[in-house]
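Asker: fold the following.
(chains A and B)
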Number of protein chains: 2
Amino acid sequence: MSDSRPIALDAMGGDHAPHEIVAGAVHAVRERGLHVVLVGSPRVLYEALADHDATKEIPIVRAEEALAMDEGALASLRRPRSSLAVACHLVRRGDAGAVVSAGSTAAIVATGRLRLKGQQGVLKPAIAVALPTLPHPTLLLDAGANAEAKPEMLVQFAHLGAAYAELAHGVEQPRVGLLTIGSEAEKGNKLVKRAHELLQGSPGIHFTGNVEGYDLLTGQADVITTDGFTGNVALKTMEGAVRYAFTELQESIGDSRLARLGAAMQRSRLRELRRRLDAEAYGGAVLLGLNGTVVIAHGSSRAQGISAACRLADDLSSSGIVTDVGERIAATHRSHRLW
Amino acid sequence: MSDSRPIALDAMGGDHAPHEIVAGAVHAVRERGLHVVLVGSPRVLYEALADHDATKEIPIVRAEEALAMDEGALASLRRPRSSLAVACHLVRRGDAGAVVSAGSTAAIVATGRLRLKGQQGVLKPAIAVALPTLPHPTLLLDAGANAEAKPEMLVQFAHLGAAYAELAHGVEQPRVGLLTIGSEAEKGNKLVKRAHELLQGSPGIHFTGNVEGYDLLTGQADVITTDGFTGNVALKTMEGAVRYAFTELQESIGDSRLARLGAAMQRSRLRELRRRLDAEAYGGAVLLGLNGTVVIAHGSSRAQGISAACRLADDLSSSGIVTDVGERIAATHRSHRLW
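Answerer: Numbering: from 1, shown residues only, chains lettered A, B, ... in the order given. Purely as a prediction, here's the structure:
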């Protein structure tokens, strides 16, 4: 069920822009049946589309400026006509359903907040990342949009994540866990202890208690709420540890001829697993809480990753996640007024 | 070079106390040539030593009470005669060089602080954990002694870790990294930004800048300083991710007969690697900043883990880490007075 509105794809953001972004758009349109508009330099994009014989399939929206990968939040303020800003503008005007960009995360967060604005009642937007648990991903948020947080924000992040889990993963009553340093209610810093109290009394949230770093990949929660500092450290630690385990394993294998023989046999299995652990296959992170869906693809995304990000963006916007989040937050405010 | 004073080993703490603790003591004495005294119930310990024909090799110091593994900080205040409290007392009196316990971390931190007291000038003790990088471990601290931290504490943790790295791992001028969410100086929360400024001007610290979660296992810093909340989340996330990667790998292997054959060939390699990643082999975490060395062995430690913890405790106390930390902290205070 695809939204009739297209995905606005920032064609100039990402390590492999614009060619892999354009190739991703072509894949999304031809293989997944999605509607996509490319935002960026028309001349460059027309040529790239011509390589795929796709100039008639995918429209281009002009944006002559682009944000470099090393530009941060400030650049987005100085560049109201960047490809990213224009993509956001399309969503703001209702001409596109969602934004996808593989640009720098800091620039996407800043541009998204500036151009799309936070939803009414939402204190701060948050980045949700899907961790590769089974049968469905565990959502970790905030994964880095806000380095500082208030306890009330952690409750809102739980709502944002619950909406995502319900609409994108079909989870009924998502189990929400609070990331801290022990399972007992009193474990943690001041922020987390107060958030624990607030979560326990929150209507519309199925709070199942504290979770620890161990639990990120055990699937015992559908949504894990945390501040953006802790969430970002945890996410990068997890990625680093998985990479480390694989590298060590490969080196161990390399040490022995017999083992190498065995390794050759299972190389394809290993590749398969690695792909599953690879964030790119999930289509990236989502910036939630704005008046429009923004999917942040990995900076290193190639065509497949971009196409998966477009799929995710379309799923979320077609399912009406912005409306759903709005209703959840409004309900929280109503229930507060009753007290 | 062993200290003449024995290690005071809490024989009643740990999931496998007292039998595996006693077996660990026997191993430490016979295989490593260490001096150990066992602290706990004399009757129980005498019997356990008799099983090893070791009643004449290892002295027992009486403590009739013990802290259960699920008892936290408060219990340690109520039990001045617990095996852990008595072990600390032996160090306080100068009758032992260091304490080793596999009891609950919260109880060890609380008892250590109460019985051994913080070193002069040390704001808070910290837990240092050795991560399995090569050629020598990277030390992460604070791994959980303090859920809240001030920027000045992060500077002190850097000194504690640098002393440990120099004395136990022979690292000259240990490279100190600050755990945060980006490599630029301005990345992070308020705590980290202020700590960054302080670390840059700190005499006696070779500050090499920010590190991220990815860097915990790359060996690019010898010491990583962070608050106990973030450090604990990162450590448990790392352990969970490594465990996850291995489990996934084993399941992937199990899926195919051909791959299984390959796996059998390299099973021993895998075991070897797993052992290296296993915290137990490193002898556990160290509580630094008190008037005495306290090694926190894993709660699930068996004899080998306890013996390794005794080795680490002896290395640290023989090398005079308490004196070294004292001199570092005193030097910091002197240099502050000059301004």
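
Asker: hang on, residue A:315 packs against residue A:169?
Answerer: No. In this structure, residue A:315 is not within contact of residue A:169 by Cβ atoms under 8 Å, at 9.7 Å. (C-beta placed from N, C-alpha, C; glycine too.)

Asker: between the two, tell me which one has more neighbours.
Answerer: Per other Cβ atoms under 10 Å in any protein chain shown, whichever of residue A:315 and residue A:169 has more neighbours is residue A:315, with 21 against 16.

Asker: could you say what helices and strands the helix or strand hosting that one packs with?
Answerer: Remark: residue A:315 resides in helix A:303-318, with elements defined by DSSP states H and E. Judged by 3 or more Cβ pairs under 8 Å, 6 or more residues apart in numbering or on different chains; DSSP states H and E, the packing partners of helix A:303-318 are strand A:7-10, helix A:19-32, strand A:98-101, helix A:151-169, strand A:293-296.

Asker: so which of these is nearest chain B?
Answerer: Closest to chain B of the helices and strands packed on helix A:303-318 is helix A:151-169 (Cβ to the nearest Cβ; 13.2 Å).

Asker: okay, buried residues for the closest one please.
Answerer: With burial defined by 16 or more other Cβ atoms under 10 Å in any protein chain shown, the residues of helix A:151-169 counted as buried are A:151, A:153-169.

Asker: stretch A:167-180 too?
Answerer: Of the residues in stretch A:167-180, those buried under the neighbour-count criterion (16+ other Cβ under 10 Å) are A:167, A:168, A:169, A:171, A:174, A:175, A:176, A:177, A:178, A:179, A:180.

Asker: what do you get for stretch A:187-199?
Answerer: For stretch A:187-199, burial by neighbour count (16+ other Cβ under 10 Å) applies to A:187, A:188, A:189, A:191, A:192, A:193, A:194, A:195, A:196, A:198, A:199.

Asker: let's have those residues in JSON lines, adding distance to residue B:106 and secondary structure.
Answerer: What follows is the buried residues of stretch A:187-199, written out as JSON lines (distance: Cβ to Cβ, whole Å; DSSP: H, G, I helix; E, B strand; the rest coil):
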{"residue": "A:187", "distance to residue B:106": "9", "secondary structure": "coil"}
{"residue": "A:188", "distance to residue B:106": "13", "secondary structure": "coil"}
{"residue": "A:189", "distance to residue B:106": "15", "secondary structure": "coil"}
{"residue": "A:191", "distance to residue B:106": "20", "secondary structure": "helix"}
{"residue": "A:192", "distance to residue B:106": "16", "secondary structure": "helix"}
{"residue": "A:193", "distance to residue B:106": "15", "secondary structure": "helix"}
{"residue": "A:194", "distance to residue B:106": "21", "secondary structure": "helix"}
{"residue": "A:195", "distance to residue B:106": "21", "secondary structure": "helix"}
{"residue": "A:196", "distance to residue B:106": "17", "secondary structure": "helix"}
{"residue": "A:198", "distance to residue B:106": "24", "secondary structure": "helix"}
{"residue": "A:199", "distance to residue B:106": "23", "secondary structure": "helix"}
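
Asker: filter those down to the ones close to chain B.
Answerer: If you filter these for contact with chain B, counting by Cβ under 8 Å from any Cβ of the partner chain, you are left with A:187, A:188, A:189, A:192.

Asker: does the last one touch residue A:182 like I think?
Answerer: Yep, that's residue A:192 we're talking about. No. At 10.0 Å, residue A:192 does not count as touching residue A:182 under the criterion of Cβ under 8 Å.

Asker: which residues are common contacts for those two?
Answerer: Where contact means Cβ atoms under 8 Å, 6 or more residues apart in numbering or on different chains, the residues bridging residue A:192 and residue A:182 through contact with each are residue A:210.

Asker: for chain A, which spans come out with low pLDDT?
Answerer: The model of chain A has pLDDT under 70 over residues A:1-3, A:250-283, A:336-339.

Asker: who in the stretch 1-150 of chain A is up against chain B?
Answerer: The interface of the stretch 1-150 of chain A toward chain B, taken as Cβ under 8 Å from any Cβ, is made up of A:144, A:147, A:148.

Asker: redo that, cut-off 10 Å
Answerer: A:72, A:105-106, A:131-134, A:143-144, A:146-149 (Cβ under 10 Å from any Cβ of the partner chain).

Asker: please list all residues in contact with residue A:22.
Answerer: Counting by Cβ atoms under 10 Å, 6 or more residues apart in numbering or on different chains, residue A:22 touches A:9, A:11, A:36, A:38, A:40, A:44-52, A:54, A:58, A:60, A:303, A:306.

Asker: scratch that, residue A:90
Answerer: Taking Cβ under 10 Å, 6+ apart as the criterion, residue A:90 is in contact with A:5-8, A:37, A:39, A:61, A:96-99, A:115, A:292.

Asker: now those: which count as buried?
Answerer: A:5-8, A:37, A:39, A:61, A:96-99, A:115, A:292.

Asker: now do the end-to-end distance for stretch A:195-207.
Answerer: From the first residue to the last, stretch A:195-207 extends over 11 Å; the measure is Cα to Cα, to the nearest Å.

Asker: tell me where the stretch 1-150 of chain A has strands.
Answerer: For the stretch 1-150 of chain A, the strands defined by DSSP state E, counting those that start in this stretch occupy A:7-10, A:36-40, A:60-62, A:98-101, A:126-131, A:138-141.
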